[in-house]
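[1] Dropping a prediction and its sequence here:
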Amino acid sequence: MEQLTVLLVLMALDTGGAETHVVSLARQLKKEGVRVLVASRGGKLTKELTASGIEHFTFPLDSKTPRSLLVSVRGLTKLVREYGVDLIHAHARIPAWVSQWVSYFTGCPYITTSHGIYSTSWGMGFLTAWGSKIIAVSEDVKEHLIKNFKVKPERIYVIPNGIDLDKFDPGVDTSEIQKELGLEPQDLKIVYVSRLMGARGEIALRLIEAMPEIASSYQGVKLLVVGEGDKLEAIKEQAEGCNRALNGRRVIVTGARLDTHTLMGLADVAVGVGRVALEAMALKKPVIIAGEAGFMGVLTPENFNSGMKHNFSGRGSAEKTGSVNLAASIKRLLASPDWRRELGEFGRRAVEEYFSIKSMTRRVMDVYRKVLEEVK
């Protein structure tokens, strides 16, 4: 069989769950013998791709202005023809809309991955295109596509985003980053990694609000907030106020980092949603699911299936994320090192069983094969 050439298309390559997933998918596809091309606006993660020998092409795929859309359609059409692309795999609405037209002009089939719950407003509906097959990252995303976008169930494949178990290894060396951040081995560390925009930035603010209550019981506790976005300055300001009130450097705001696996390796307690939760589990960290969609609390074997159905987002929970429930859940975990260890072991086993990048990539490749067989 001739080598398969796949073009992965996304808005940008800045830090984020979907972006990190595409980088991991691209690397694993290459290991499986696929020729991989990636197109996006570019960003911090571009170097990781090129370091792996994967070609990246820059187009304004994060913009829905008529000019940007035209530039992207023309550019990707040329790219598909020049490189003999067999299939396009789009990872967001604008890239999917562009891919639809590239497919029309070239005959190259395209599929999409739906990474979350999309708006059904008329304006966004105009930019919605799905392709011949759709990968949904969780069961509730599949249900959303069927109910709100009238997608036929047989076109949808539920394949969670995969985690690179070699990179997210519990044995990761954190000594250098511990020195860099001025942390002591005995410090109890809470780590929150997220894109600090909108509602997710608000979660960071609620965590900082929770710190006085947590610190009243645990004097050596530290909170690390990792990420960037429009709430970053407000988060830094609130962190400074918290540190003054607690007479010490209790909240550390790192900004955007590419070594999030090492930072998460520091955690005694991880707070996050989606891919971040899975990465923390792979590192054997106990996880609190706290998102803009809802507050699940500590992820345990008992609520794991519900968490998986909702992509560990907090969807499905009637409880909102706030400083009170965050503080209570964190204190419960900090009170029991044995429980934290048990949850960490469970989390690693669950990721190995359900979410390894190797098995997820092979399932994605099965979808590619089905599409290509149908267009023969």
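    Nice, I can see it.

[2] Packing partners of the one helix or strand residue 157 maps to?
    Assessed by DSSP states H and E, residue 157 sits inside strand 156-158. The contact analysis (3 or more C-beta pairs under 8 Å, 6 or more residues apart in numbering; DSSP states H and E) places strand 156-158 against strand 134-136, helix 139-149. (Each C-beta comes from the backbone N, C-alpha and C, glycine too.)

[3] what residues are up against the residue lying closest to residue 312 once chain neighbours are set aside?
    Of all residues not flanking residue 312 in the chain, residue 277 sits nearest, at 4.2 Å (C-beta to C-beta, 6 or more residues apart in numbering). Shown in contact with residue 277 (C-beta atoms under 8 Å, 6 or more residues apart in numbering): 270, 287, 289, 299, 307, 312.

[4] Hmm, residue 299 and the last one touching each other?
    Yes. Applying C-beta atoms under 8 Å as the test, residue 312 and residue 299 come out as touching, 7.1 Å apart.

[5] Check the separation of the first and last residues in stretch 158-172.
    One end of stretch 158-172 sits 30 Å from the other (C-alpha to C-alpha, to the nearest Å).

[6] same deal with stretch 6-21?
    Terminal residues of stretch 6-21 are spaced 16 Å apart (C-alpha to C-alpha).

[7] chain center to that stretch: distance?
    Relative to its chain's centre, stretch 6-21 lies at 10 Å (C-alpha atoms, centre = their mean, to the nearest Å).

[8] Okay, and which of the contacts of residue 277 map to helices?
    Within those, residues falling in helices by DSSP state H are residue 307.

[9] part of a helix, is residue 74?
    Yes. Looking at residue 74 with DSSP: H, G, I helix; E, B strand; the rest coil, it is inside a helix.

[10] Let's check: the centremost residue of the chain is which one?
    For the chain, the residue nearest the mean C-alpha position is residue 17 (1.6 Å; C-alpha atoms, centre = their mean).

[11] and that one, what does it touch?
    115, 161, 195, 274, 275, 276.

[12] Mind doing that once more with 7 Å?
    115, 274, 275, 276 (C-beta atoms under 7 Å, 6 or more residues apart in numbering).

[13] Next: residue 189.
    Counting by C-beta under 7 Å, 6+ apart, residue 189 touches 183, 222, 224, 266, 267, 268.

[14] Restricted to strands, list the residues you listed.
    Counting by DSSP state E, the contacts of residue 189 place 222, 224 in strands.

[15] Just the buried ones from the contacts of residue 189, in ChimeraX syntax?
    Remark: buried members of these, expressed as a ChimeraX selection using 16 or more other C-beta atoms under 10 Å:
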select :183,222,224,266,267,268
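
[16] Now pLDDT and distance to residue 362 too, for the contacts of residue 189, in a markdown table please.
    Listed next are the contacts of residue 189 as a markdown table, based on pLDDT from 0 to 100; distance: C-beta to C-beta, whole Å:
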| residue | pLDDT | distance to residue 362 |
| --- | --- | --- |
| 183 | 95 | 39 |
| 222 | 98 | 40 |
| 224 | 98 | 35 |
| 266 | 97 | 32 |
| 267 | 98 | 30 |
| 268 | 98 | 34 |
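
[17] Among the contacts of residue 189, which one lies nearest to residue 64?
    Taking C-beta to C-beta as the measure, residue 64 lies nearest residue 224 of the contacts of residue 189, at 34.9 Å.

[18] my guess is that closest one contacts residue 254, does it?
    Yes. Applying C-beta atoms under 7 Å as the test, residue 224 and residue 254 come out as touching, 6.5 Å apart.

[19] shared neighbours of these two, anything?
    Common neighbours of residue 224 and residue 254, using C-beta under 7 Å, 6+ apart, are residue 263.

[20] which residues does residue 157 contact?
    133, 135, 367.

[21] likewise residue 153?
    By C-beta under 7 Å, 6+ apart, the contact set of residue 153 is residue 146.

[22] 8 Å instead?
    Neighbouring residues of residue 153 by C-beta under 8 Å, 6+ apart: 142, 146.

[23] Report the separation between it and residue 45.
    To residue 45, residue 153 is 33 Å away according to C-beta to C-beta, to the nearest Å.

[24] Kindly report the same for residue 182.
    Applying C-beta to C-beta, the value for residue 182 to residue 45 is 27 Å.

[25] Comparing those two, which shows the higher neighbour count?
    More crowded of residue 182 and residue 45, by other C-beta atoms under 10 Å: residue 45, with 21 against 10.

[26] Angles on the backbone of the more buried one, please.
    The phi/psi pair for residue 45 (degrees, to the nearest 10) reads phi -80, psi 0.

[27] thinking again about what came up before, between residue 312 and residue 299, what contacts are shared?
    Common neighbours of residue 312 and residue 299, using C-beta under 8 Å, 6+ apart, are 277, 287, 289.

[28] check which helix or strand covers the closest residue to residue 52 other than its chain neighbours.
    Leaving aside its sequence neighbours, residue 52 sits nearest to residue 27 (C-beta to C-beta, 6+ apart; 5.1 Å). Element membership of residue 27, judged by DSSP H and E, is helix 17-31.

[29] I'm done for today, thanks for sticking with me.
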